[in-house]
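Here is my input, please return the structure:
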Amino acid sequence: MSRLSHLDESGRARMVDVTDKPTTARRAAAEGRLRCRAETLALVKEGRAPKGSVVQTAELAGVMAAKRTGDLIPLCHPLALTGIDVTIAPNDALPGFEVRAEVRTSGPTGVEMEALTAVSVACLTLFDMLKAVDREMAIEGIRVTAKSGGRSGDWGAGGGAS
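Residues are numbered from 1 along each chain as shown. Prediction:
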C-alpha cells in the first residue's frame, strides 16, 4: 500500500505540494441520490413544492459548492474550475432524484473532491427544500463515477475508463 500523500514523514496532515506536477486537462464525475416518498416527488414534478423551484435551486447550489470546495475541505487545493455541470433528474423507480455532477479544470491536481462536493450539496439542498413535506428522505450512494487526466490516467466506476 502506498503512503498517504496528505501526511508528512511524522504523520502530520499537510497539503500536497503540486508545484512540479504538469498541468493537464482534468475531469471528474460523481453521482448520488435523494430518496423520498412518491408523493414528495410528485409535488416537485408538478411544480407545487412549497419552496419553489427545488431542482433548479439544488443544481445551482451544487455549482456554487464545487467552486468552494477548497474552503470546505481542509487539505484541498483551491482550483480554477473551467466547467461545472450539475443535473438532477426525477426517478419514479426510487422514488426520488438522481444527482450527477461533472467538473473540469486544467491544472496540476484532480477535481474528484469538487464533483463529490457538488453532488453532496445538491442533495442537501433538495433535502432542505423538501424537509417540511417529507421527514423520511435519505441521501444515498454518493461516489465518484469517472475521472480523467493526470498521472493515473482515466478511470471509470466498475474498473473501466470513462
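
from here on, contacts and neighbour counts on C-alpha atoms
Will do.

Quick one: the helices in this structure, in order.
38-45, 54-67, 69-72, 112-130 (DSSP state H).

Can you tell me which helices and strands the last one packs against?
Here helix 112-130 touches strand 24-35, helix 54-67, helix 69-72, strand 96-107, strand 138-148, going by 3 or more CA pairs under 8 Å, 6 or more residues apart in numbering; DSSP states H and E.

mind listing what's buried in the shortest one?
By 16 or more other CA atoms under 10 Å, the buried positions in helix 69-72 come out as 69-70.

Summarise which helices and strands it is packed against.
Counting by 3+ CA pairs under 8 Å, 6+ apart, helix 69-72 packs on helix 112-130.

could you check the angle strand 24-35 makes with the helix it packs on?
Put simply, helix 112-130 runs at 30 degrees to strand 24-35, going by axes from the mean of the first three to the mean of the last three CA atoms, to 10 degrees.

contacting residues around helix 112-130?
Contacts to helix 112-130, defined as CA atoms under 8 Å, 6 or more residues apart in numbering, come from residues 27-34, 40, 49-51, 54-55, 57-67, 69, 76, 86, 99-103, 137, 139, 142-144, 147.

just to revisit the earlier point, most packed of the helices of the chain?
Mean neighbour count (mean count of other CA atoms under 10 Å) peaks for helix 112-130 among those, with a mean of 25.

Please name the residues that touch the nearest residue to G149 once chain neighbours are set aside.
The spatial neighbour of G149 that comes closest, neighbours along the chain excluded (CA to CA, 6 or more residues apart in numbering), is R26 at 4.5 Å. Going by CA under 8 Å, 6+ apart, R26 touches 104-107, 109-111, 147-150.

partners of A146 in the sheet?
Counting by DSSP bridges, A146 is bridged to A29, G156.

So for the nearest residue in space to E136 that is not next to it in sequence, what's the pLDDT?
Spatial nearest neighbour of E136, excluding adjacent residues (CA to CA, 6+ apart): C36 at 6.8 Å. pLDDT, C36: 98.

Would you enumerate the residues in contact with C36?
Counting by CA under 8 Å, 6+ apart, C36 has contacts 94-96, 134, 136-138.

I appreciate the help and will end here.
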